[in-house]
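Q: here are the coordinates; sequence isn't available:
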């Protein structure tokens, strides 16, 4: 024990002064005194002038107490709290200190100091130890200064033993606090570092934005910046890159600060990043960080609000990378120039999504001949396959159904005028990213890369099939929205679901298909009841949100008149799918029958007599195919389809 007596520096450490104050409570030990008593006596003897040593430590702290002094200044600690923190931290990393305290507080105390012991030991140091002051009053002042001070309120000191009297409760520090006071790096009490996207070299626009925000935050260190993206990995990666530009390490937190986090931040000087999830209309409030000198970052999705009562909050919505930046991202991810350039032009993926696409494409690519020396090189087709399988697309699964099968060109049979209209739609969707280039300021004032389509017509006329055809020609995944998952009886939930759906779809760059869309986008009504008011508010929100969506949305309906007139203005195309004429019906019969041997005269007769739409023709062909073994002919399938429709089959069939 003697050899472990605390070393004395030119400027005594806080723990040395605290141990000396404890030793001053004891009489001079006898020769046969226990080693704990001799240890404390040596600590007291090393600081003969305890008051002078205390004043010197306050004026010029020891280098080992730098973190403690920094925390005291930022959290507003009283001097007696500094001594208590120094002693409580010494218990955590020095077993001798814990053994001495356990002996000193025996039999009722433990290895951690109680408030009564600290108040008695540190009271003589208050107010310079004035002789005319009442010792009992000084001890009571020290006890309540420790129990109710900022060190306890901010989580720097923790009080154990809630069921015990205040004077018997022990003080301790959390392990992360003790490590930070000792100058040891740790992750702290927050979240573990999440999976992040790391920006590669050569992203000029992103580099410029990072430099600008880093300069702004350096000039206003108490500011708060919300980094918004539909991808948490992307927003978190940009936040980490921004912290690196400022020269700070990151600490990750959720919506709430855990106990001791504020104190740990004050000691470690880390830059806090809050990972939040806010729905439309929700306002998240960041906790106040008293005396925290660094900026604060928040990672959010595209919706919801953020505020901080003690500082300004700015928003940075990460833009979608343009074609040049996507080329850099794809080349960095694939290393294959031709495939990377083709993917950059075809897929409007976000920063992090490109990396995920590339990882999955490498997994799906055919294995190389020599796996030890060659890497898998994905083809354009494999990249297209990976585009519909990434987590950004899978995030839609709760609200929409993926339609994975690519539609061949020959599967869509329409008339010449309708085909021409669909070709116009395809051209608009394919050029939507560069559409605003060269246009005037009025055209560029709003984003032009969203396309909203309405396909109207009777049942079975090919509206949903045309949406799949469009997605296949663009090389994009298509998701059919599950209206049952979208609609909710609770006020506001439908809007939240739609905002979540559109945000994820925009980030994943998929085609959204709303079948029977008039269920959601119906006409507003006269307000007669409170339900009418909420229904109209829901329609208003849907109209605004669909207009700001920067992706491709296809809505289908059997009746155009069911839509609110205000919604028509927000549509880029309205395509009418009429009933097919005889020539179109013949093409539909031929496309569905394929290689089945049907005489041309019989095919002509079917097309002329059976005025069915494409959906009914498909049903008739499938019914006839299922009954082929029973030697029933195609006419039986047509008659069955007419019975389903409640109509009389043609007499000459």
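A: It's in. Note that this is a predicted model, so its numbers are computed, not measured.

Q: all contacts plus neighbour counts: C-alpha atoms, from now on.
A: OK.

Q: Could I get the pLDDT score of residue 412?
A: Note on residue 412: pLDDT of 79.

Q: Next, the buried residues of stretch 212-227.
A: 213, 214, 217, 222, 223, 224, 225, 226, 227 (16 or more other Cα atoms under 10 Å).

Q: next helix or strand past the helix or strand hosting residue 541?
A: Using DSSP states H and E, residue 541 maps to helix 530-548. Next in sequence after helix 530-548, counting helices and strands by DSSP H and E, comes strand 552-557.

Q: For that following strand, which strands pair with it and how are they oriented?
A: Each strand paired with strand 552-557, and its direction, by DSSP bridges: strand 451-457 (parallel), strand 511-514 (parallel).

Q: okay, those strands, which one's buried deepest?
A: With neighbours defined as mean count of other Cα atoms under 10 Å, those peak in mean count at strand 511-514, which reaches a mean of 25.

Q: Outside of stretch 277-291 itself, which residues are in contact with it?
A: Stretch 277-291 is contacted by residues 74-75, 255-257, 262, 266, 300-301, 303-310, 495-496, 499-500 when judged by Cα atoms under 8 Å, 6 or more residues apart in numbering.

Q: Quick one: mark the members of these that sit in strands.
A: 300, 305, 306, 307, 308 (DSSP state E).

Q: Which member of the residues you listed is positioned nearest residue 146?
A: Ranked by distance to residue 146 (Cα to Cα), those are led by residue 308 at 29.3 Å.

Q: about what we covered before: quick one: which of the ones in strands among the contacts of stretch 277-291 has the most company?
A: Highest neighbour count within these, by other Cα atoms under 10 Å: residue 300, with 26 neighbours.

Q: Let me see the confidence value for it.
A: Looking at residue 300, the pLDDT reads 90.

Q: So it sits against residue 235, correct?
A: Yes: using Cα atoms under 8 Å, residue 300 is in contact with residue 235, at 7.5 Å.

Q: what's the least confident helix or strand in the chain, going by average pLDDT?
A: For the chain, using mean pLDDT, DSSP states H and E, the weakest element among its helices and strands is helix 391-394, scoring a mean of 52.

Q: Can you spell out which helices and strands pack onto the helix or strand where residue 43 lies?
A: Here residue 43 sits within helix 35-46, counting by DSSP H and E. Contact here means 3 or more Cα pairs under 8 Å, 6 or more residues apart in numbering; DSSP states H and E; on that basis helix 35-46 packs against helix 14-23, helix 95-104.

Q: list the buried ones in it?
A: Buried residues in helix 35-46, counted by 16+ other Cα under 10 Å: 36, 37, 38, 39, 40, 41, 42, 43, 44, 46.

Q: Next, the angle helix 95-104 makes with it.
A: Orientation note: helix 35-46 sits at an angle of 110 degrees relative to helix 95-104 (axes from the mean of the first three to the mean of the last three Cα atoms, to 10 degrees).

Q: so for helix 35-46, what's the average pLDDT?
A: On average, helix 35-46 scores 87.

Q: Any idea how far it is from the middle of the chain?
A: Helix 35-46 has its C-alpha centroid displaced from the chain centroid by 55 Å (Cα atoms, centre = their mean, to the nearest Å).

Q: so it versus helix 14-23, what angle?
A: Going by the same axes, to 10 degrees, helix 35-46 makes 110 degrees with helix 14-23.

Q: Now, the buried residues of stretch 212-227 that are in strands?
A: Using DSSP E, those in strands are 224, 225, 226, 227.

Q: which residues pair with the last one across the strands?
A: It stands for residue 227. Judged by DSSP bridges, the bridge partners of residue 227 are residue 299, residue 316.
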